[in-house]
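Visitor: need a 3D model of the sequence below.
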Amino acid sequence: MTTLAARLAPLLPDRAVAATARFVYPRFEPELTRLDELCPPGCGTAVDVGGWYGPWTHRLARRAARVVTVEPVPRLARLLVAGAPGNVRVVQAAASDRPGTARLWLPPGDDGGRGVSSLVRRDIHARALDVPCVTLDGLGLSEVGFVKIDVDGNELAVLRGASATLARDRPALFVELESRIQPIAPVVDLLTGLGYTGWVLPAGTWHRLNPAVLEAHQARTSYVASHGLLRRVLPFGGPRYVNSVLFLPDGRRPGGGTVREHGSHALREAPR
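Guide: You can find the predicted model right below:
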């Protein structure tokens, strides 16, 4: 289904679309306004996997000494290069578990602006681009303190391609997990085995991740995911659809806020 934003975007200059997306995105993903609780102080390198129009890239550039943004859609990568702060390096490629070339799938008529392109084909996808692939381990990164991953189903491969970075630097990870796209258990199991604990922010308080509760919440509110960005950020636009998890290593907790150990009821309503 084509959203209102997708229909309007071709009528506006790319930079105007990008600026609007960055402005409204924190209402869509409020964790972005709480970077001090996600990205550790003194962060050397932050990584934005799936840069899109750059809402995370631009915010991270204010907090980390360096930002590396990985974006496979050529038009979006060029837009990021043109508008990114000076401490941002843009890599036009898809992150995965091996270097080379892969097929990036997009919906019909979409040039990447909808933010649902993926190496994993779904029923919404109709055409593909051949794009270069990289691993995070292969990018020559150092002092990695934070990694955000939003790749519509290819999260496990991205993490496998970052195994040396995770073992060396123990960065905080902010990972999109959507059970309607891919089972979330493989990612949770991999990171649990590496000493990471998941946290979700359904409202104003962090809760320890309960995968079954997150899946139930997503099944109950999955209709919200089809509404599009503009509709979802409007007041009274429906319940919040929680689809990202903060993973912290070695017993760390989200900084600067209250946390709850058991969140079995926290996602029942997930208010805006």
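Visitor: which stretch of helix or strand covers Trp52?
Guide: When secondary structure is defined by DSSP states H and E, Trp52 falls outside every helix and strand.
Visitor: Arg89 now?
Guide: Secondary structure assignment for Arg89, by DSSP H and E: strand 88-91.
Visitor: can you give the strand pairings for that strand, parallel or anti for each?
Guide: The pairing partners recorded for strand 88-91 under DSSP bridges are strand 66-70 (parallel).
Visitor: can you dump the C-alpha atoms of the partner strand in PDB for me?
Guide: Below are the C-alpha coordinates for strand 66-70, written out as PDB (Å, rounded to 0.1, in the frame of the first residue of the first chain):
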ATOM      1  CA  ARG A  66      32.900   9.700  14.200                       C
ATOM      2  CA  VAL A  67      29.800   8.200  12.500                       C
ATOM      3  CA  VAL A  68      29.900   5.600   9.800                       C
ATOM      4  CA  THR A  69      26.600   5.200   7.900                       C
ATOM      5  CA  VAL A  70      26.000   2.200   5.700                       C
END
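Visitor: figure out how far it is from the centre of its chain.
Guide: For strand 66-70, the distance between its averaged C-alpha position and the chain's averaged C-alpha position is 13 Å (CA atoms, centre = their mean, to the nearest Å).
Visitor: quick one: list the elements packing against the helix or strand following the strand holding Arg89.
Guide: The element immediately downstream of strand 88-91 (helix or strand, assigned by DSSP H and E) is strand 94-95. Counting contacts by 3 or more CB pairs under 8 Å, 6 or more residues apart in numbering; DSSP states H and E, strand 94-95 packs against strand 127-134. For glycine as for every other residue, the C-beta is placed from the backbone atoms N, C-alpha and C.
Visitor: list the buried residues in the strand it packs on.
Guide: Buried residues in strand 127-134, counted by 16 or more other CB atoms under 10 Å: 129, 131, 133-134.
Visitor: just flag the most distant two among the residues you listed.
Guide: Leu129 and Val134 (15.5 Å; CB to CB).
Visitor: that older thread, and the buried residues of strand 127-134 as CSV, adding distance to Arg63 and pLDDT?
Guide: Putting the buried residues of strand 127-134 into CSV (distance: CB to CB, whole Å; pLDDT from 0 to 100) gives the following:
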residue, distance to Arg63, pLDDT
Leu129, 32, 91
Val131, 28, 95
Cys133, 28, 97
Val134, 24, 98
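Visitor: and which of these is nearest to Ala185?
Guide: Nearest to Ala185 among the buried residues of strand 127-134, counting by CB to CB, is Cys133 at 24.6 Å.
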